[in-house]
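Engineer: Sequence and predicted structure below; questions after.
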There are 2 protein chains.
Amino acid sequence: MDQVRIGIVGLGNMGTGHARHLIQNKVSGAVLTAVCDQSPDRLEWARQELGNQLAVFTNVEDMYASGAIDGVIICTPHYAHPSEAIAAFGHGLHVLTEKPAGVYTKQVRDMNQAAKESGKVFGIMYNQRTQPLYRKVKDLIAEGEIGEIRRTNWIITLWYRAQSYYNSGGWRATWAGEGGGVLINQSPHQLDLWQWVVGMMPIRMRAFCSFGKYRTIEVENEVTAYVEYPSGATGVFITSACETPGTNRLEIIGDRGKIVVEDDRLTLYRSRQSETEFNAAFTGMFGQPEYWKIDIPVGEPRGEHYLITQDWINGILQGTPLLSPGEEGIHGLSLSNAMLMSTWTDDWVDFPLDEDRFYELLQEQIRNSKTARTEEPAGTGPM
Amino acid sequence: MDQVRIGIVGLGNMGTGHARHLIQNKVSGAVLTAVCDQSPDRLEWARQELGNQLAVFTNVEDMYASGAIDGVIICTPHYAHPSEAIAAFGHGLHVLTEKPAGVYTKQVRDMNQAAKESGKVFGIMYNQRTQPLYRKVKDLIAEGEIGEIRRTNWIITLWYRAQSYYNSGGWRATWAGEGGGVLINQSPHQLDLWQWVVGMMPIRMRAFCSFGKYRTIEVENEVTAYVEYPSGATGVFITSACETPGTNRLEIIGDRGKIVVEDDRLTLYRSRQSETEFNAAFTGMFGQPEYWKIDIPVGEPRGEHYLITQDWINGILQGTPLLSPGEEGIHGLSLSNAMLMSTWTDDWVDFPLDEDRFYELLQEQIRNSKTARTEEPAGTGPM
């Protein structure tokens, strides 16, 4: 195979974006051969904009079984990602799924299992992993530049959404339609990066979600979470969709220094001696190691979605390991699920997450929902 | 009275500093006439350095009853502050106490009551309240520049202490000797400022203290606290005495903008329209109010202790209201006590604090302490 034939399921915001990248040949080794959506308008749009040689489908199974594609990009509502991915693996297709991996990890674990059994290449659209800034943070930490991690802190409140945004679709910000708010819709990239750059997951968490804060919605739109890692390190993650102007500041402290990312700049505070060594040797009252404040070069911002698509295609054609393997989608989602569960139970959540318990609690929210059960229309790429 | 005759009890780091300011005439309207300490060496130092016309005492009650002083500056160990203040009020003396107000609020409440009944002028050495930076933050908030507070966040981890610091005195970092760690010794200024600048206390708190982290001590040296205010606003306070290089970053978000203090700079992010107004009127998907990033002039750093002493003297001589009334010491201490109590009980703490419960829990820590019961020597000003 020298060209991967791609199908896209769901022609919403994200799906149409991916389709355009493919027909603009931004991804080498890939060709768009089919699309699937339930909306006749969207399919008509696809015929006109994407070329009428394209196969169009209203049923996912039909597209999967058509023989017209080797891989699928899944851009449907959150809840559908795992089931559609599982079906695709069943048809021997490679899969690239939009984030989040799903709404609850129980379902995502089944998806990961199906991926493994299929042997196909499975990616997830964590396009922020292509940002030179966060790759550099991960690189610095992996190379030991700040030593063993002591504390992490991310304040990410750039996700301002007015009531009109939520009113734009009845499925928005409902338990039935989206299965969450800022955690499932706006923050998944940072939830992924938070664990990806440090290369570790917490061992337990206590979180505080506010639901419908300053908004008429039922899901969470402000969150503070405290975590403890197996090493004894601690961390805090704060996100909000109701404050403006927002903040995006990541601070990671290690035994040997500190990394601060804010306003797209990466600053490394590098101690000349590790804290552990200094502490063992120091005999005075108030000293601390000398440190250097260093502006780390990170290159131009990237983060385009097609970079992840290209990486996935490379994985299919050349067998290269993925920057953003689909199986890793479960990490950020576990954090997100845990934040809701900790709030609902007003208790600690231990990792690995009790997935059955989370699933039950989510169903309870859906049952108790006061809003009509309104499904997100297939193909409406959430943002 | 045109000059207030001052006695100082406790000639440790802080007491000797205050004494020097007084004999250097940095405080107008005040004269140092007596000192009290149990250590002959310190009293000898006082005679040589402060002038031999000074009355020296080894017993506080004797100094209070001597008629040689009108007011007292209390610089003894934390535990002694309230009882020594109460005794001073009983003798009709004005009182300026070092921070913290005490170790547990139950005792501090008695002190405040005694102050009230005495009618004397009662101050506390929250010298950071004289910082133009924090005064400006308080001023901006009070004037409504950022509207109603939505969220507060303070990361204050500048308090690095190596093991040798703790080893320098057997009383240090013990429940019996100090009654706490970073919360009682290093962070009281920020705990005070945190509530002072926003002019409100939380309604409840959940906190996570680490005890003896990377150190052989029994008290807390890393803390993360989450709070909720009566208005629905939330907040986080993070402090540490075991990381380096440290951070000092305060962020306060309101309905109309945001204040960020870091690296001694004050930045105001001012929205042209309040979030509430914008949200009510906006009909699109992703907009938010225009905002301006403004560098706020704050003047030269101050914060010297003698400014608080001067303010207290002015209060005595001219009846002016104090910048840092002693009665307000209970606020920061309530926050500190709540952080420990929430950790010990692994539960929420509601405000006002259950003071009896905290007292019991503290006594339990003292009883269970594995270190010898070593009292901090009188006059050793903790830092």
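Structural biologist: Yep, it's here. Numbers count the residues shown, from 1 in each chain, chains lettered A, B, ... in the order given.

Engineer: Now do the contacts for the nearest residue in space to residue A:173 that is not next to it in sequence.
Structural biologist: Nearest residue to residue A:173 in three dimensions, chain neighbours excluded: residue A:217, at 3.8 Å (Cβ to Cβ, 6 or more residues apart in numbering or on different chains). (Glycine included, C-beta is placed from N, CA and C.) Shown in contact with residue A:217 (Cβ atoms under 8 Å, 6 or more residues apart in numbering or on different chains): A:166, A:172-174, A:181, A:211.

Engineer: what two of those residues have the greatest distance between them?
Structural biologist: A:172 and A:211 (14.3 Å; Cβ to Cβ).

Engineer: Distance of the nearest residue to residue A:132 once chain neighbours are set aside relative to residue A:127?
Structural biologist: Nearest non-adjacent residue to residue A:132, counting by Cβ to Cβ, 6+ apart: residue A:299, 4.1 Å away. According to Cβ to Cβ, to the nearest Å, residue A:299 stands 16 Å off from residue A:127.

Engineer: Who has more neighbours out of the two?
Structural biologist: Using other Cβ atoms under 10 Å in any protein chain shown, the more surrounded residue of residue A:299 and residue A:127 is residue A:127, with 21 against 10.

Engineer: Run through who's touching stretch A:284-292.
Structural biologist: A:257, A:269-275, A:278, B:160-162, B:164-165, B:168, B:244-245.

Engineer: Quick one: the helices in the stretch 151-300 of chain A, in order.
Structural biologist: Ranges of helices in the stretch 151-300 of chain A, per DSSP state H, counting those that start in this stretch, are A:163-167, A:182-185, A:188-198, A:275-281.

Engineer: Any residues of the stretch 101-250 of chain A in contact with chain B? List them.
Structural biologist: By Cβ under 8 Å from any Cβ of the partner chain, the residues of the stretch 101-250 of chain A that approach chain B are A:150-151, A:153, A:155, A:157, A:160-165, A:168, A:206, A:208, A:210, A:213-215, A:222, A:224, A:226, A:228, A:232, A:234, A:236, A:238, A:240, A:242-245, A:247, A:249.

Engineer: circling back to that earlier point, filter the contacts of stretch A:284-292 down to the buried ones and hand me the PyMOL line.
Structural biologist: To isolate the buried members of the contacts of stretch A:284-292 in PyMOL, using 16 or more other Cβ atoms under 10 Å in any protein chain shown:
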select buried, (chain A and resi 257+269+270+271+273+274+275+278) or (chain B and resi 160+161+162+164+165+244+245)
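
Engineer: Restricted to strands, list the contacts of stretch A:284-292.
Structural biologist: Among these, DSSP state E puts A:257, A:269-271 in strands.

Engineer: restrict the residues you listed to those near chain B?
Structural biologist: Within the ones in strands among the contacts of stretch A:284-292, those near chain B by Cβ under 8 Å from any Cβ are A:257, A:269, A:271.

Engineer: Would you confirm that the second one contacts residue B:245?
Structural biologist: Yes. In this structure, residue A:269 sits in contact with residue B:245. The criterion is Cβ atoms under 8 Å, and the distance is 4.8 Å.

Engineer: How many residues are close by residue A:59?
Structural biologist: Residue A:59, neighbours per other Cβ under 10 Å, totals 11.

Engineer: What's opposite the residue lying closest to it once chain neighbours are set aside in the beta bridge?
Structural biologist: In space, and not counting its chain neighbours, residue A:59 is closest to residue A:36: 7.1 Å by Cβ to Cβ, 6+ apart. The partner list for residue A:36 in beta bridges (DSSP bridges) reads residue A:9, residue A:57.

Engineer: for residue A:238, same thing?
Structural biologist: Beta bridges link residue A:238 to residue A:155, residue A:224, judged by DSSP bridges.

Engineer: Point out the residues in the stretch 251-383 of chain A that sit beside chain B.
Structural biologist: A:251, A:253, A:257-258, A:260, A:269, A:271, A:275-276, A:278-280, A:282-289, A:291.

Engineer: Apply the buried test to the residues you listed and list what passes.
Structural biologist: So, by 16+ other Cβ under 10 Å, the buried ones in these are A:251, A:253, A:257-258, A:260, A:269, A:271, A:275, A:278-279, A:282, A:288-289, A:291.

Engineer: if we can go back for a sec, against residue A:18, how distant is the residue nearest to residue A:59?
Structural biologist: Using Cβ to Cβ, one obtains 13 Å as the distance from residue A:36 to residue A:18.

Engineer: Between the two, which contacts overlap?
Structural biologist: Shared contacts of residue A:36 and residue A:18, counting by Cβ under 8 Å, 6+ apart, come down to residue A:8.

Engineer: Just want to know which of those two has more residues nearby.
Structural biologist: Taking neighbours as other Cβ under 10 Å, residue A:36 and residue A:18 compare with residue A:36 leading, 32 against 25.

Engineer: coming back round to it: format the ones next to chain B among the ones in strands among the contacts of stretch A:284-292 as JSON lines; extra columns: pLDDT.
Structural biologist: Shown next, in JSON lines, are those (pLDDT from 0 to 100):
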{"residue": "A:257", "pLDDT": "97"}
{"residue": "A:269", "pLDDT": "98"}
{"residue": "A:271", "pLDDT": "97"}
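
Engineer: closest to chain B among the residues you listed?
Structural biologist: Minimum distance to chain B across these is 4.8 Å, recorded for residue A:269 (Cβ to the nearest Cβ).

Engineer: Touching the helix or strand of chain A with the lowest mean pLDDT from outside, list them.
Structural biologist: Comparing every helix and strand of chain A by mean pLDDT, DSSP states H and E singles out helix A:40-50 as the least confident one, with a mean of 91. The contact list for helix A:40-50 (Cβ under 8 Å, 6+ apart) reads A:11, A:16, A:19-20, A:23, A:32, A:35, A:37, A:54, A:56, A:58, A:379.

Engineer: again, but for stretch A:342-359
Structural biologist: Contacts of stretch A:342-359 (Cβ under 8 Å, 6+ apart): A:104-106, A:109, A:201-209, A:220, A:225, A:334, A:337-338, A:340-341, A:361, A:365.

Engineer: Report the buried members of those.
Structural biologist: Buried among the contacts of stretch A:342-359 by 16+ other Cβ under 10 Å: A:104-106, A:109, A:201-202, A:205-209, A:220, A:225, A:334, A:337-338, A:340-341, A:361, A:365.

Engineer: from what I can see residue A:271 touches residue A:256, true?
Structural biologist: Yes. Counting by Cβ under 8 Å, residue A:256 is a contact partner of residue A:271 at 5.3 Å.

Engineer: Which pLDDT value belongs to the residue nearest to residue A:173?
Structural biologist: In this model, residue A:217 is scored at 96, pLDDT.

Engineer: For residue B:352, see how far away it is.
Structural biologist: 33 Å.

Engineer: try residue A:197
Structural biologist: From residue A:197 to residue B:352 the distance is 41 Å (Cβ to Cβ).

Engineer: again, but for residue A:24
Structural biologist: 63 Å.

Engineer: So for the two, which sits in the more crowded spot?
Structural biologist: residue B:352 (12 against 9).

Engineer: The more buried one belongs to a helix, doesn't it?
Structural biologist: No. The assignment for residue B:352, made by DSSP: H, G, I helix; E, B strand; the rest coil, is coil rather than a helix.

Engineer: domain assignment for chain A?
Structural biologist: What automatic domain parsing lists as the domains of chain A is A:4-128+A:304-325, A:132-300+A:332-367.
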